[in-house]
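S.K.: no sequence for this one, just the structure:
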C-alpha cells in the first residue's frame, strides 16, 4: 500500500505504516485510531492504527501527555506528535513493519472520542452478519475487510490499465434506460416529467455497448453497475459490477485472447501465474463430462457414459431409461466406499432434488462390489463398469439413468457434492475454462416457445445458421462462458450484426415486428445503417474479487451490500417516501 | 489514439489509421466504413474509415473487386484485403496520416450494407439535435463526437492514475440508497421485496464517502454517477458523472493541492499548462468584486464600490438605496460608449430580471459624460467615478444602487453580458479560482428557517463556530467551490466530524433528534465511534470535459444523453410498463 499520502497533509507528517529505523530522531506527527493500549510498568503504550499500518506510541509517566494517553479509550481518534526512536533490540517486533521503532509522544490531541464499540474489531471476534452490516463503518475497519476493498480498488486499475493499453475506451452508458421485460425483472424508476412512464435500471449495458460498436467506437469497456430485481440469494446483490467489454471486427478467439491477458494481469497482481490460451470445451462435451456448464476443473472427477455397457441390461431402471431415449452415466468417488448407507441416502435425495428418479450406487471394497441393486447388474457389466471408471479398492460408483438432460445435471450436482465430501487433490489452484457454443435457442419451460439460452443478440455459428429454418433447437451459437473454479465468471458472444438474421431469431421467439420494434428498436434500427461484426463479454467483478479474496460471500468484497431481503441495515434503505413525493410521481401504493 | 488493436483480430491486420510508406509492399486486411467514394477515370477510390483514421482503397477497372467497390454505398461496412503501395508523389496527401499510401484491393467483402443515412456525417451538415439524438449511433460516428468520447475516456484514466499515485482507492458506493428529501428531488425506485418502500438513486455519494472515512478508508475517490430529478436545462442531465473524492486528516488546503495537481495532469494531457496553487478568494470578496460566486476570471472586469462617492448624493436612486442600508456599485465597460440607447435599455431589462429596480448608465465620449441621469450626478461625483473606475474615452459605466445582496448579482450578471458583448481581451486561457468560506447557513427563502448553503455536513470555520449560538447567519464555513472560466466545476468542504457539532447545526435547521436519525442516521451514528477529521470535493466531470472539448452542451460529451424533457430519443425511454410489473410493485398510476 502506498504511503504517498504522507506529504500532503498538515494533520500528519507520516502514516502509521511507514516509519522505520531510518526515521530515528525525527519529530513526526501521526493521526489514527487507538487500536490497543497497554500499561507496562506505568508506561502507556498505544498502538496507533490507520489504513496503512500500526505504530507504537509511548507515553512515560512523567510526560505531559501521560494523562491524555491514559484516558484514550479504544478507537479514540488521536493526533500524536513525538520523536521516533529505535526500540531496544529485545523489544523490536519483527512481525510489525514499523516494529523497529516507536514514537515517544510529546503531544497527544484527542481529535474525536468513541463510544464503546458494539463488537470487537479483531479478526476472530464472534459477531453476526446483521450486526456487521448495521455497523458497516466499523466492520470495514477490520483489516481483512479493508484489505478486500483496497485490493478490489487496485485490481480495477489493473483491469483499466490493461484495456487502455489495448486501445479500449471506457464509455459510460446510461443508468436510466428503457425497460425491456426479458429475463430477470427490471428495477424501474418513475419519471416525474413523464407521468405514468418509467425508466429502468439496466440489467447490463448490452444494447448500448452494441450500439457503440455500430457507432464505430471499435473497442469499448466499462466497469458497469448492473441491476436485477431478483429473489436474492447469498451470492446475489440487487446491484453488481461487471467488467463489460465489446469489440468490433472480432471473432470468439479475439475476445478470448483479450480476456485471458486480463486474467493474467489480474492474477499476477496477487502473485499467481496464469497463462492463456485457457482450455475450452464445447457446451455439449462439458455437459457430458461434468454435468454442468460451470464445472470446477480444479478436480479430476469425470462423468462417464455407460449406456453401451448396459445396453442389454434387464435392470428396469437402466433399460427403461434407455428405451425412453435416455442414457446411463456414472461417476466415481475415489475413496467413497466409506460412505454409509445414510450418506448414500443423502446423495440420492440430492439427485432427486435435481430431477432424477433415483441413484444407483455401488461400493467397491476388498475386491468386491456391494450395492442394494447389485443383483440387477451382471458380472460382465460389473467388470466393464470397473474398467470404464478405473475403479480401485475403496471407491464407489454412482449411476444415473435418465434423459441426458436430466442425468447430466444430476451427476454434475453429485460431482460437486463428492468434491465437497471427499476433498480430492487439486490438480491446480486456478482452473479456467471456456465453455463454447451453447445452443442458440431452447424451449421455454413454461410457454413451450423458443427462447434464447443466454442473450437474444447472440449469433448462430455461421455454418449452422441454415438450421434456423429446419432445426432451430439444434443450432450451436457463438455464445461462450468463462468459468473459474466452478464459478461462471463471465458470459459473452459474437452478436448478430445483420438485421435480417436478428429478426429471424426474434421471429422464432414469437416476436412480431411491432414487438421487436418496441423492445429492441434501438438496436435493430442501428443494424440498418452499417453495423460491424462485433462481440464481447461481461465478467462478474464481485465474483472475481470474491474468488481472489478467498471469500464465499460477495458481501465481503462490496463496501455497502444489501441483505438477502434487499435492505441496507446501515442506512435503512429502502424506506417509505413522502406522500408529496408519491403525488408528484402520480403514484399510489395499493394494499 | 492507439493502434494496439491491430494485432489481436483476425478480421483485420491493421486499422485504417496506421499504414504509412514503411508498410509498402505488405498485404494487409482492413475493416471499416465506406466514408466516401469517387470514380476517377474509371478507377474507384474508397476512403475506408474506422475510429483510428481513413485509408484510401483503390479498385482498378480490370480488377476482380471493381464491381464490389463500385456497388459499395455510403457507410457500407467492408473488409478489404490488398497490397499497400506508395501514392505517386503528386497524389500524396499530407493532411491525412495515411496519405503516403493507398491499398490496392485484391478482395473486398461486404460485411454489412447500410440504408441511405438520414443525415450527412460531415461536420457542418445541418441537422437538428432531435435527429442527432434519435440516430445517436450515427451522430457518434462524426469525428468530433467520437473524439469527444475518446478524450473523455482517456482523461478518466488520467484522473485515476493521478489519484492512485496519491494513494487513493476507488470504492463503489451503492446506487440503490435511502431517500433523504433535501435539496433536489430524488429519483426513487420501488422495492418489490419491500412493498410500499422505495430506494433512492443518490444525488451524490456524500454520506457513503463520509462513512468510508469513518471506516478508516483514508483516501477515497470514485467517478460516480449522480442523479437529480430536476427541471432540466440545457446544461443539466438527470444523471451525471462526478469525480468524487474524500480524504481523512486534512484541511481545506490539503484538498486544494490534490485537486490542483489533478487539473495539472488533465490539462497537460490536452497540451495546456496549469499550475497551482490556484488563486483563491473569500466568498464575500468575490461577490463584492465580481457579483457572482463563479466569476469568469479570464476577463479583468471588476465591480467597484462607489458608496463613498455618492454618500452625499441627492439623486434619490442612490440616496434611497443607501438609506435602506444598501450600496452603490459600478462596473465599467471598456469601449461600451458605442452602446446605443436601445442597447442600454436591454441591459437595464437584464438587471431588472436579476432583481434591480433599474440601472444608471453613463457614457464617456470625447472627454464628456453623457447620460439621461447625468443631471443627478455632481461634477465632483463624476470626477471621482472617472478616477475610481479608470474611465477612458469610449468607455461606459453602469451603476446599481440597492441592497448589497441585490446589487452584487445584478452587476455580476451585467459583467457577463458586457463580456459577451464587448469581447474584451482574455487575460488567460484557463482561469481557475477557489471561492472559499461560503456562509454556513442562510435563510430559506420560502420557510424563513436556517438552511445549509451547500451541504448539510460542512463544518464551520473553527474560529467562527461559537457564533452558532449567537449569530448563525454570519458564520463562515469550510466550504469551497472550484471555478473554471466562470463555470462552477466543483464544490466541497471540510466536514463536521463531531456529532455534537453536526447535531447543533441540524437543530438550527429545525430538525429534531428523530428527524436527524431518520434522514442522516447512518452518518451521525458513525460519528459516535471515532470519526476522523475529513474533507473532500465533487467535481462535475461532464462540465469539465465540456470545457475541454470546447462545447457549451454537455450532451456533446455524454454518449447517450437525455433531452431536456428527460427522454432518450434513441431507446424511447422512459416508457409505460406492464400492468403485471405495476402489480408486483403494488403501485397504481393516478389520473
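M.R.: Thanks, I have the structure now. Just so you know, these numbers come straight off a predicted model, no measurement behind them.

S.K.: Which stretches in the stretch 251-400 of chain A count as strands?
M.R.: Taking DSSP state E, counting those that start in this stretch as the test, the strands found in the stretch 251-400 of chain A are A:280-282, A:303-305, A:327-333, A:360-365, A:368-370, A:396-402.

S.K.: Return the most buried member of those.
M.R.: The highest average neighbour count among the strands of the stretch 251-400 of chain A, using mean count of other C-beta atoms under 10 Å in any protein chain shown, belongs to strand A:396-402 at a mean of 27. Every residue, glycine included, has its C-beta placed from N, CA and C.

S.K.: what's the angle from it to strand A:327-333?
M.R.: Strand A:396-402 runs at 160 degrees relative to strand A:327-333, counting by axes from the mean of the first three to the mean of the last three C-alpha atoms, to 10 degrees.

S.K.: I'd like to know which elements strand A:396-402 is packed against.
M.R.: Applying 3 or more C-beta pairs under 8 Å, 6 or more residues apart in numbering or on different chains; DSSP states H and E, we find strand A:396-402 packed against helix A:316-323, strand A:327-333, strand A:360-365, helix A:404-422.

S.K.: What residues sit buried inside the first one?
M.R.: So that's helix A:316-323. A:317-319, A:321-322 (16 or more other C-beta atoms under 10 Å in any protein chain shown).

S.K.: Closest to chain B out of the residues you listed?
M.R.: residue A:321 (39.2 Å; C-beta to the nearest C-beta).

S.K.: Now do the contacts for the closest residue in space to that closest one that isn't next to it in sequence.
M.R.: Closest residue to residue A:321 apart from its sequence neighbours, by C-beta to C-beta, 6 or more residues apart in numbering or on different chains: residue A:401 at 3.7 Å. Residue A:401 makes contact with A:310, A:317-318, A:320-322, A:326-329, A:360, A:407, according to C-beta atoms under 8 Å, 6 or more residues apart in numbering or on different chains.

S.K.: Make a markdown table out of those residues and add pLDDT.
M.R.: A markdown table is the format used below for these (pLDDT from 0 to 100):
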| residue | pLDDT |
| --- | --- |
| A:310 | 96 |
| A:317 | 95 |
| A:318 | 96 |
| A:320 | 94 |
| A:321 | 95 |
| A:322 | 95 |
| A:326 | 96 |
| A:327 | 97 |
| A:328 | 97 |
| A:329 | 98 |
| A:360 | 97 |
| A:407 | 97 |
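
S.K.: what bridges to the residue nearest to residue A:321?
M.R.: residue A:328 (DSSP bridges).

S.K.: And it, what's its pLDDT?
M.R.: What the model reports for residue A:401 is a pLDDT of 97.

S.K.: Please report how far it lies from chain B.
M.R.: To chain B, residue A:401 is 40 Å away according to C-beta to the nearest C-beta, to the nearest Å.

S.K.: The residue of chain A positioned farthest from its centre is in what secondary structure piece?
M.R.: Here chain A reaches farthest from its C-alpha mean at residue A:62, the gap being 55.2 Å by C-alpha atoms, centre = their mean. Counting by DSSP states H and E, no helix or strand carries residue A:62.

S.K.: Equivalent analysis for residue A:96, please.
M.R.: Going by DSSP H and E, residue A:96 is not part of any helix or strand.

S.K.: just to revisit the earlier point, tell me the one among the buried residues of helix A:316-323 nearest to residue B:502.
M.R.: The closest of the buried residues of helix A:316-323 to residue B:502 turns out to be residue A:321 (C-beta to C-beta; 69.7 Å).

S.K.: List the contacts of the closest one.
M.R.: Contacts of residue A:321 by C-beta under 8 Å, 6+ apart are A:327-328, A:401-403, A:407.

S.K.: try residue A:157
M.R.: For residue A:157, the contacting residues are B:160-161, B:164, B:170, by C-beta under 8 Å, 6+ apart.

S.K.: please redo it, this time with the cut-off set to 7 Å
M.R.: Counting by C-beta atoms under 7 Å, 6 or more residues apart in numbering or on different chains, residue A:157 touches B:160, B:164.

S.K.: now residue A:330
M.R.: So residue A:330 contacts A:304, A:306, A:385, A:389, A:397-399 (C-beta under 7 Å, 6+ apart).

S.K.: do the same with residue A:297
M.R.: Residue A:297 neighbours (C-beta under 7 Å, 6+ apart): A:431, A:433.

S.K.: What separation is there between it and chain B?
M.R.: 26 Å.

S.K.: residues in contact with the lengthiest strand in chain A?
M.R.: Longest strand of chain A, by residue count under DSSP state E: strand A:27-40. Outside strand A:27-40, the residues within contact range by C-beta under 7 Å, 6+ apart are A:11-14, A:16, A:19, A:44-50, A:54-55, A:72-84, A:103, A:111, B:216, B:249, B:530, B:532.

S.K.: out of the contacts of residue A:330, which one sits closest to chain B?
M.R.: Nearest to chain B out of those is residue A:304 (C-beta to the nearest C-beta; 36.2 Å).

S.K.: hey, where'd the helices end up in the stretch 101-250 of chain A?
M.R.: Taking DSSP state H, counting those that start in this stretch to define them, one finds helices in the stretch 101-250 of chain A at A:129-134, A:136-139, A:143-165, A:206-214.
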